[in-house]
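**Student:** Could you look at this predicted model? Sequence included:
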Amino acid sequence: MSSKSYSTRKFQLRRLAYAAASLLWLLAPPQSATAAEQVIIASTGGAYDRALKEAWFDPFTKATGIEVVTVVATNAEMRAKASAMVKTGNVTWDLYLDGEIQAASKAHREVTEDLTEFCRQFIDRKDLGPHACAAGGALLQSTATLLAYRVGKAGDPLPETWADMWDTKKFPGGRAFPNFDDPWRVMAAALLSDGVPRDKLFPLDVDRALKRLDQIRPAVSIWWKTGDQSVQGFRNGDYSLGQIWLTRAKAMQTEGLPIGWSYKASFLVGDRIALIKGAPHHHNALKLIAFWLNSPEAQAQVCTILSCTPPSIEAAALIPEEVRKTMPSAEDVRDYIVVPDADWINANTAMLLQRWNNWIR
């Protein structure tokens, strides 16, 4: 047997093993599930949710008979709602998607279940990284917050850096930035545009960042709060350059919109699937998480649509080559992409939010 045939056979056996593990976890066959069985998950809506529904939620329902009910909310609304539900003891959601930085915070731990014991079943999975399943939640995907732009005529210069974002003469048009309870990335972009090297970025110089933001504020057409809002702004021509999620930029490009982006102006981020304390459908929620981690095909399908990095390297291998070319290269990660200091951000969340809210008003 050739080495290529052996590798193919080995990959197929692994996939069969993962499928078997998933079936063992799911336990109940579809016919035993009742119409009342469900699991409720909060996400940010739009193209993101459509990709998850097609690749993850619908196959899960087909395999188990358990309906996946989605609730659309902003990231800030999800955190606030989860906290309020746990404090009052009136929990109506099971899962919500939270940023990887926030999932490591004390506030997150206070309202979510510790998944350490649940995660033990994945310890020996060679295709999953050591943090694919962690106490704060299972990794949904890794992606970037970056500079996206509307592509103009052939030969027009293309913006590449955060300094270009601030150059309204060379790159005219409206701007867009996020405005929710996670302002570090806007401040970080401002500092990088002002000449701060990425290895000197943290701790953030908030005074300098806000002063730099004063300069671009008149050009900002929208301070978006949801991923859908950021997309609609591009569709409607409200702005030409924006700091948005790569997953949303890729979805627009897939739709045929003239959208490009630059990894020279990007931050590495990701989402985790968090289980709320007192979740009404606790067992079904764990089944849904396990189904995701045990399904390289589902992960690959989602990340093919959204140009994200899945938790499984087996899933990454299933993503078409033309899609992988749109994802950050090893050189991009080495030379440009900023890995945020999660510990510093979490320790200074209250201060950052207070300074941001005072400025944005």
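**Tutor:** On my side now, so go ahead.

**Student:** Identify each of the strands in the stretch 51-200 of the chain and give its residue range.
**Tutor:** 67-72, 95-99, 133-134, 137-150, 175-178 (DSSP state E, counting those that start in this stretch).

**Student:** Could you provide the ones you listed in CSV, with additional columns for mean neighbour count, mean pLDDT and distance to residue 86?
**Tutor:** Heads up, the C-betas are built off the backbone N, CA and C, glycines and all. CSV is the format used below for the strands of the stretch 51-200 of the chain (neighbours: other Cβ atoms under 10 Å; pLDDT from 0 to 100; distance: least, Cβ to Cβ, whole Å):
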stretch, mean neighbour count, mean pLDDT, distance to residue 86
strand 67-72, 16, 97, 16
strand 95-99, 25, 96, 12
strand 133-134, 22, 96, 20
strand 137-150, 25, 95, 15
strand 175-178, 24, 96, 26
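
**Student:** which one of the ones you listed lies closest to residue 51?
**Tutor:** strand 137-150 (9.9 Å; Cβ to Cβ).

**Student:** Check which helices and strands the closest one is in contact with.
**Tutor:** Applying 3 or more Cβ pairs under 8 Å, 6 or more residues apart in numbering; DSSP states H and E, we find strand 137-150 packed against helix 162-166, strand 241-245, helix 246-255, strand 259-275, helix 282-293, helix 296-306.

**Student:** What about the residue lying closest to residue 151 once chain neighbours are set aside, how many residues nearby?
**Tutor:** Of all residues not flanking residue 151 in the chain, residue 258 sits nearest, at 4.2 Å (Cβ to Cβ, 6 or more residues apart in numbering). Residue 258: 11 surrounding residues under other Cβ atoms under 10 Å.

**Student:** of the strands of the stretch 51-200 of the chain, which approaches residue 83 most closely?
**Tutor:** Smallest distance to residue 83 across the strands of the stretch 51-200 of the chain (Cβ to Cβ): 10.9 Å, for strand 95-99.

**Student:** what does stretch 319-335 rub up against?
**Tutor:** Here stretch 319-335 makes contact (Cβ atoms under 8 Å, 6 or more residues apart in numbering) with 144, 250, 253, 263-264, 266, 268, 300, 303-304, 307-310, 316, 337.

**Student:** ok, 7 Å please
**Tutor:** With contacts defined as Cβ atoms under 7 Å, 6 or more residues apart in numbering, stretch 319-335 is touched by 144, 250, 263, 300, 303-304, 307, 309, 337.

**Student:** Buried by neighbour count: which residues of it qualify?
**Tutor:** Buried residues in stretch 319-335, defined by neighbour count with 16 or more other Cβ atoms under 10 Å: 319, 323, 327-328.

**Student:** Stretch 185-203 now?
**Tutor:** The neighbour-count check on stretch 185-203 (16+ other Cβ under 10 Å) flags 185-194, 196, 201-202 as buried.

**Student:** Which of those fall within helices?
**Tutor:** Among these, the members falling in helices are 185-193 (criterion: DSSP state H).

**Student:** re earlier: dump the strands of the stretch 51-200 of the chain to TSV, plus distance to residue 284.
**Tutor:** Shown next, in TSV, are these (distance: least, Cβ to Cβ, whole Å):
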stretch	distance to residue 284
strand 67-72	9
strand 95-99	10
strand 133-134	18
strand 137-150	15
strand 175-178	32
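
**Student:** Nearest to residue 113, out of these?
**Tutor:** Closest approach to residue 113 among the strands of the stretch 51-200 of the chain (Cβ to Cβ): strand 137-150, 9.0 Å.

**Student:** helices or strands next to the helix or strand in which residue 354 is found in the packing?
**Tutor:** Assessed by DSSP states H and E, residue 354 sits inside helix 349-360. Applying 3 or more Cβ pairs under 7 Å, 6 or more residues apart in numbering; DSSP states H and E, we find helix 349-360 packed against helix 206-216.
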